[in-house]
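Engineer: Predicted model and sequence follow; I will ask about them next.
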Amino acid sequence: MLKAFLAILENFVREFGRISMMFASSIYLGFMPPFKLSYIFKQMEFIGVRSVFVIILTGAFTGMVLALQSYYGFRKFGSEGLVGATVALSMTRELGPVLTSLMVTGRAGSAMAAELGTMRVTEQIDALTVMALNPVKYLVTPRVIAAFLVLPVLTVISDFIGIIGGYLVGVKLLGINEGAYIDKMIKFVELNDIYNGLVKSAVFGIIFSVISCYKGFYTQGGAEGVGRATTEAVVVSSVTILVTDYILTSFMF
Amino acid sequence: MNDKVIRIIGLHKSFGAQKVLDGIDLEIEKGKITVIIGKSGGGKSVLLKHLIGLIKPDLGKIWVNGTEITGLNEKKLNEIRIKFGMLFQEAALFDSMDVFDNIAFPLREHTRKAEKEIEKIVEDKLKQVGLLRFGDKMPAELSGGMKKRVGLARALALDPETILFDEPTSALDPIISLTILDLIKETQTNLNKTYVVISHDILGMFRIADKVAFLSDGKIIEYGTPYEIKRSTNEVTMEFLNATKIPGFSGGGL
């Protein structure tokens, strides 16, 4: 029993160390010339631009359902006017950054793990090494930097759309007084709430991209291995994002 | 000593409890085709990957052009690697790039040549492997044999001194195999580079080899010209050679 626990602990520490090493070397190599800006832009397009639609959908429905749920709650106390503030605070502090990161992990993180995993098993990563090129610099660095830059932008979109969605449901559908709705929202939501949410999302961007690249980069065992790497990338990234979210929140607010 | 490009002494490598290389001693001559023959899963690829630092040995030394490489860091290793080209088993073309960009990639990354000049070199390499008008194809559109040709063109791009081949004829039909073998022989004769080939295709390899090394149980048990190997009295070698003979066919065997 103790032995099994120690084995799990040892494995966890080893993985954590190797993932941290990959993060460190990807950042270090990012500051070393030659700079691969076009690689970063390409990844920003993939992680960012192509996630916009799914982020808009997620943000809209999250804001809408938040308005609906909090309306039923607040109505019991006759304080429907607080719905706007509740939606805006939940979106900017928590749901905007977390749901955006989880959605992008599912979309882009899985793709990163699968692509790098395939490159590993078809020896394309070895081919880079043989060409005297550092595969981490070419494959991992651009993805991590792009995810770090793009996630806050996606989160802003998600926050904004979520608040609009909440407004539409609260004011237009449920008939909450528009003045009270907006007034309370402006009164309770501070710029810091938004900032902290964006900082979180940038951290989540690093987390999912480093973990997904790591899982892909060290794939073993053919097509089956690629499948395993992809699943692990999404699961480990998502759980790590949620745990980190708790830790960051307890320090921030 | 300077006609030996690569010198391997006492190379050992195990993965877990499995001993793969058990004391390899081998010298590879400059400007020749050296073929390392052995059973599938016998450690040939592992040996090849040691030569460019993709795998580090447990024990033993490797000299490349007089530099001992097993203790080098990545930066120093890259200075050695740049003088090598490698054709991988499945060609390992970058599947996000077309054929042209695949061959141009090492040139763009390692030289300051103008795009016009790169274009000329790439076309020249494509011509050498007989795929002149295939530059805009994606790797997924190519057959196995074509991929290997492109892989060879890419390996030749930086005009390396030595090229390593990992099973160049595996998974190809006999006719395509033959064209690849001829291409290997032809480019080697024209460019006078050192080629190191690993393969289990013993018949094919005897067509192109200047020197043959026989890898068995983690050791080089025979080393010589194809002529010498054919007349070997070593039991393992004989067994391997006999497996290529087809009873009743006059053309079978060697």
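Structural biologist: Structure's in. What do you need?
Engineer: doesn't B:Lys113 fall inside a strand?
Structural biologist: No: B:Lys113 is assigned coil when assessed by DSSP: H, G, I helix; E, B strand; the rest coil, not a strand.
Engineer: and the stretch 51-200 of chain B, which residues reach chain A?
Structural biologist: Counting by CB under 8 Å from any CB of the partner chain, the positions of the stretch 51-200 of chain B adjacent to chain A are B:52, B:54, B:74, B:77-79, B:81-82, B:84-86, B:88-90, B:92-95, B:105-106, B:109-110. The C-beta positions use only the backbone N, C-alpha and C, and glycine is treated the same way.
Engineer: mind checking which helix or strand the residue nearest the centre of chain A is in?
Structural biologist: Closest to where the C-alpha atoms of chain A average out (CA atoms, centre = their mean) is A:Ser101, at 2.0 Å. Per DSSP states H and E, A:Ser101 falls inside helix A:96-104.
Engineer: what's in contact with that helix?
Structural biologist: By CB atoms under 8 Å, 6 or more residues apart in numbering or on different chains, the surrounding residues in contact with helix A:96-104 are A:47, A:51, A:54-55, A:58-59, A:62, A:147, A:151, A:154-155, A:158-159, A:162, A:197-198, A:200-201, A:204-205, A:207-208, A:238, A:241-242, A:245.
Engineer: Show the subsequent helix or strand relative to it.
Structural biologist: helix A:110-121.
Engineer: Return the distance of that following helix from the chain's centre.
Structural biologist: 19 Å (CA atoms, centre = their mean, to the nearest Å).
Engineer: Show me what the mean pLDDT comes to for that helix.
Structural biologist: Helix A:110-121 carries an average pLDDT of 97.
Engineer: just the helices in the stretch 101-250 of chain B please.
Structural biologist: Here the stretch 101-250 of chain B has its helices, by DSSP state H, counting those that start in this stretch, at B:115-128, B:144-156, B:174-191, B:202-208, B:226-230, B:235-242.
Engineer: Output these in CSV; the columns should cover mean pLDDT.
Structural biologist: Formatted as CSV, the helices of the stretch 101-250 of chain B follow (pLDDT from 0 to 100):
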stretch, mean pLDDT
helix B:115-128, 95
helix B:144-156, 95
helix B:174-191, 92
helix B:202-208, 88
helix B:226-230, 90
helix B:235-242, 85
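Engineer: and those as CSV, adding mean neighbour count?
Structural biologist: Listed next are these as CSV, based on neighbours: other CB atoms under 10 Å in any protein chain shown:
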stretch, mean neighbour count
helix B:115-128, 16
helix B:144-156, 24
helix B:174-191, 16
helix B:202-208, 20
helix B:226-230, 16
helix B:235-242, 15
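Engineer: got JSON lines for those helices, with distance to A:Met252 too?
Structural biologist: Output for the helices of the stretch 101-250 of chain B, formatted as JSON lines (distance: least, CB to CB, whole Å):
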{"stretch": "helix B:115-128", "distance to A:Met252": "49"}
{"stretch": "helix B:144-156", "distance to A:Met252": "50"}
{"stretch": "helix B:174-191", "distance to A:Met252": "61"}
{"stretch": "helix B:202-208", "distance to A:Met252": "65"}
{"stretch": "helix B:226-230", "distance to A:Met252": "72"}
{"stretch": "helix B:235-242", "distance to A:Met252": "68"}
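Engineer: Any idea how many residues pack against residue 196?
Structural biologist: By default, I'm working from chain A. 19 (other CB atoms under 10 Å in any protein chain shown).
Engineer: Not quite, go with chain B.
Structural biologist: Counted with other CB under 10 Å, residues neighbouring B:Val196 total 25.
Engineer: Tell me what it is bridged to.
Structural biologist: B:Thr34, B:Leu164 (DSSP bridges).
Engineer: wait, what's in contact with it?
Structural biologist: Counting by CB under 8 Å, 6+ apart, B:Val196 has contacts B:Ile6, B:Ile28, B:Thr34, B:Ile36, B:Leu48, B:Leu51, B:Thr162, B:Ile163, B:Leu164, B:Phe165.
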